[in-house]
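**Q** Let me see the structure of the following:
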Amino acid sequence: MPRNKKFFLIFFLIVINASAQSIFSKLKGKVTNGNKGVPDVHVMNTSANRATITDSEGLFSISAKLNDTILFSAVQYKRMSLVVSRAMLESRYIIVPLEEFINELDEVVVRPYNLSGDLSRDMNSLNREKVYVASTLGLPNAYVKPITQAERKLNEATTGGGLVPLNPIINAISGRTKYLKKVVATQNKYARTNRVREYYADSMFVKYLKIPESKIEDFMYFCEVDIPFSVVVDSHDKLKIWEYLKLRSNAYLKEADEE
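**A** Residues are numbered from 1 along each chain as shown. Okay, here's the model as predicted:
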């Protein structure tokens with residue numbers, strides 16, 4: 001091949017390659033944290049001054065070309081930047097995982113009202129008004145736990161006046177006593193479930209127990225019908241309860257896989 005034609009061919013290939021790199025393509029993907037899509041993430045092509053926001057499922061689409069820099073930014077998540085590669089452009093769909101941002105502050109000393117920062121010492125130095133409640137006033141039954149409406153009705157159904165109390169007999173025959181006992185038992189189970197839900201955030205069920213957020217209520221019912229549930233929860237030992245939940249989550253997920 002003549003030298004001038006070879007030079008022209010090389011020059012042509014260089015131009016074609018440069019043109020290809022300058023062509024914008026649609027870069028599509030999903031921003032995730034764990035197994036969930038992250039909505040409202042700012043997706044910015046800082047090289048081309050283009051931007052978009054992820055939808056409710058964490059999906060996005062943005063124009064980009066080879067070697068562009070894409071920045072992902074959202075509240076409570078660490079920023080992430082990616083340099084667009086040829087593989088990313090050729091891929092129909094990319095996954096962008098974001099890490100939660102934990103703001104660890106250096107030690108801060110706040111001393112309003114001449115506080116030292118030593119809680120035990122400051123509590124003694126503060127002028128505290130006396131709190132007047134049933135226990136501080138020494139009233140009778142100050143520490144008695146209030147009964148629920150269902151418990152009150154059950155008490156009324158099983159007690160009565162006179163030499164021969166008729167209420168217990170009538171309610172036992174009619175089945176009202178049996179019904180009220182079931183209501184009280186159900187409420188006690190529900191109270192235990194609420195207590196567990198207050199101990200642990202939903203994110204802990206999702207992240208550590210692998211229970212989808214939409215299935216947490218179903219998982220708690222799965223635990224409720226287990227005989228040891230009430231004993232474990234009534235121990236008020238959060239570590240013991242968490243270990244129990246871990247064991248039950250394995251059984252729950254195994255059953256879900258078998259269905």
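
**Q** so where is this protein shaky, pLDDT-wise?
**A** Along the chain, the model assigns pLDDT under 70 to residues 1-22, 103-172, 174-190, 259.

**Q** again, only this time at 50
**A** Applying pLDDT under 50 to the chain flags the ranges 11-12, 15-16, 18-20, 161-163.

**Q** all helices for it, in order.
**A** For the chain, the helices defined by DSSP state H cover 3-21, 86-90, 119-125, 149-157, 167-174, 176-199, 202-207, 216-224, 228-234, 238-258.

**Q** Could you pull out the buried residues of the shortest one?
**A** So that's helix 86-90. Buried positions in helix 86-90, judged by neighbour count with 16 or more other CB atoms under 10 Å: 88, 89. In short, each C-beta sits where N, CA and C put it, glycine included.

**Q** So which elements touch that helix?
**A** strand 25-33 (3 or more CB pairs under 8 Å, 6 or more residues apart in numbering; DSSP states H and E).

**Q** in the strand it packs on, what's buried?
**A** So, applying 16+ other CB under 10 Å, buried residues of strand 25-33: 27, 29, 30, 31, 32, 33.

**Q** and the second one, what are its bridge partners?
**A** Assessed by DSSP bridges, residue 29 has beta-bridge partners residue 60, residue 94.

**Q** what's near enough to touch residue 195?
**A** Counting by CB atoms under 8 Å, 6 or more residues apart in numbering, residue 195 touches residue 233.

**Q** swap that for residue 32, please
**A** Taking CB under 8 Å, 6+ apart as the criterion, residue 32 is in contact with 38, 58, 95, 96, 97, 98.

**Q** Which of those residues fall within strands?
**A** Among the contacts of residue 32, the members found in strands (DSSP state E) are 95, 96, 97.

**Q** who wins for neighbours among those residues?
**A** Each of these was scored by neighbour count (other CB atoms under 10 Å); the top score is that of residue 96, with 18 neighbours.

**Q** how close does the residue nearest to it when sequence neighbours are not counted sit to residue 204?
**A** The shortest distance from residue 96 to any non-neighbouring residue, by CB to CB, 6 or more residues apart in numbering, is to residue 31 (4.8 Å). Distance, residue 31 to residue 204, using CB to CB, to the nearest Å: 22 Å.

**Q** and what of residue 65?
**A** Taking CB to CB, one finds residue 65 at 42 Å from residue 204.

**Q** What number of residues are in the vicinity of the closest residue to residue 199 other than its chain neighbours?
**A** Spatially, and ignoring its direct neighbours in sequence, residue 199 is nearest to residue 238 (5.6 Å; CB to CB, 6+ apart). For residue 238, the count of nearby residues is 11 (other CB under 10 Å).

**Q** Who are the contact partners of residue 94?
**A** Residues in contact with residue 94 (CB under 8 Å, 6+ apart) are 27, 28, 29, 30, 88.

**Q** nearest to residue 198, of those residues?
**A** The nearest member of the contacts of residue 94 to residue 198, counting by CB to CB, is residue 30 at 32.7 Å.

**Q** Touching, the closest one and residue 58? I think so.
**A** Yes: taking contacts as CB atoms under 8 Å, residue 30 lies within contact range of residue 58: 4.9 Å.

**Q** list the residues that contact both of the two?
**A** residue 37.

**Q** circling back to that earlier point, would you format the ones in strands among the contacts of residue 32 as TSV with distance to residue 196 included?
**A** What follows is the ones in strands among the contacts of residue 32, written out as TSV (distance: CB to CB, whole Å):
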residue	distance to residue 196
95	33
96	34
97	30
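
**Q** and the residue nearest to residue 199, how far is that from residue 211?
**A** As judged by CB to CB, residue 238 and residue 211 stand 18 Å apart.

**Q** which other residues reach stretch 43-58?
**A** If you take CB under 8 Å, 6+ apart as the criterion, stretch 43-58 is touched by 24, 30-32, 36-42, 60-65, 67-73, 81.

**Q** try 6 Å
**A** 30-32, 37-42, 60, 62-64, 68-72 (CB atoms under 6 Å, 6 or more residues apart in numbering).
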